[in-house]
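*Asks:* Could you look at this predicted model? Sequence included:
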Amino acid sequence: MSEISDYYDLSRIRPEVQKVLNRVNELGRERFAGRARGVDDDASFPVENYRDLAEEGFLGLCIPQEFGGWGFSMFEYAMVGAEIGKYCGATALTFNMHNSSMAWSRFMFEMPNLTVEEKATFAPLRERQFRRAIAEKASSPSRSPKVVRTGPRSRTRPSAARWMAAG
């Protein structure tokens, strides 16, 4: 696979983001790529890949630093998701779902049209969501998600992603 320097102008990317992008490529080559076909063939949730992402702290990517996250911008988050997608599309898709919910809470709070009262109401909900995600990012699922037959292919129950989106 290609390296980030093949398609990104590294002078425009923070060194800590470059480090994360390189780590994603390592995980992708060493772990995600080998699991991708099985995840696709089984139409299953990429549990093992999420364990790896959680152990590395990636589930805090869009969470503000004051809550223990990495505080990545949308551009930085998109680059990470694209790198994951080089190796496993299902992991990139579900990673996007998790980070989108974290980013929504982050950027909604920062909107200039929110009143002081609206921010005060939203602040504890936002904090709870971020703190749960940070607390859960280090814990990985203790078992594989349950699969429900829906036809010729199996589907993972939505509840299996409970730990992923701490909403």
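*Replies:* Arrived safely, thanks for sending. Numbering: from 1, shown residues only.
*Asks:* For the helix or strand Val80 falls within, list every residue counted as buried.
*Replies:* Using DSSP states H and E, Val80 maps to helix 74-85. Buried residues in helix 74-85, counted by 16 or more other Cβ atoms under 10 Å: 76-77, 79-81, 83-85. Backbone N, C-alpha and C define where each C-beta goes, glycine included.
*Asks:* do the same with stretch 2-21
*Replies:* For stretch 2-21, using 16+ other Cβ under 10 Å, the buried residues are 4, 13, 17, 20-21.
*Asks:* Closest to Phe109 out of those?
*Replies:* Closest approach to Phe109 among the buried residues of stretch 2-21 (Cβ to Cβ): Val17, at 22.5 Å.
*Asks:* per-residue pLDDT, that closest one?
*Replies:* pLDDT, the model's per-residue confidence, is 96 for Val17.
*Asks:* same deal with the one 10 residues further on?
*Replies:* pLDDT, the model's per-residue confidence, is 97 for Leu27.
*Asks:* ok, for it, nearest residue in space, not its chain neighbours?
*Replies:* The shortest distance from Leu27 to any residue other than its chain neighbours is 5.6 Å, reached at Asp52 (Cβ to Cβ, 6 or more residues apart in numbering).
*Asks:* what helix or strand is that neighbour on?
*Replies:* In this assignment (DSSP H and E), Asp52 forms part of helix 47-56.
*Asks:* so how far is that helix off the chain centroid?
*Replies:* Its chain's average C-alpha position is 10 Å from that of helix 47-56, according to Cα atoms, centre = their mean, to the nearest Å.
*Asks:* Contacts for the helix holding Val80, please.
*Replies:* Contact partners of helix 74-85, identified using Cβ atoms under 8 Å, 6 or more residues apart in numbering, comprise 4, 8, 13-14, 17, 20-21, 24-25, 28, 32, 58, 61-62, 72, 91-92, 95-96, 99, 103, 107.
*Asks:* again, 7 Å this time
*Replies:* For helix 74-85, contacts defined as Cβ atoms under 7 Å, 6 or more residues apart in numbering pick out 17, 20-21, 24-25, 28, 32, 61-62, 91-92, 95-96, 99, 103.
*Asks:* how about the helix holding Asp52 as CSV, C-alpha atoms only?
*Replies:* Coordinates of the C-alpha atoms in helix 47-56 are reproduced here as CSV (Å, rounded to 0.1, in the frame of the first residue of the first chain):
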residue,chain,number,x,y,z
VAL,A,47,-15.0,-6.5,16.5
GLU,A,48,-11.3,-7.3,16.4
ASN,A,49,-10.5,-4.1,14.5
TYR,A,50,-12.5,-2.1,17.0
ARG,A,51,-10.5,-3.7,19.9
ASP,A,52,-7.4,-2.6,18.1
LEU,A,53,-8.7,1.0,17.6
ALA,A,54,-9.9,1.2,21.2
GLU,A,55,-6.6,0.0,22.6
GLU,A,56,-4.8,2.6,20.6
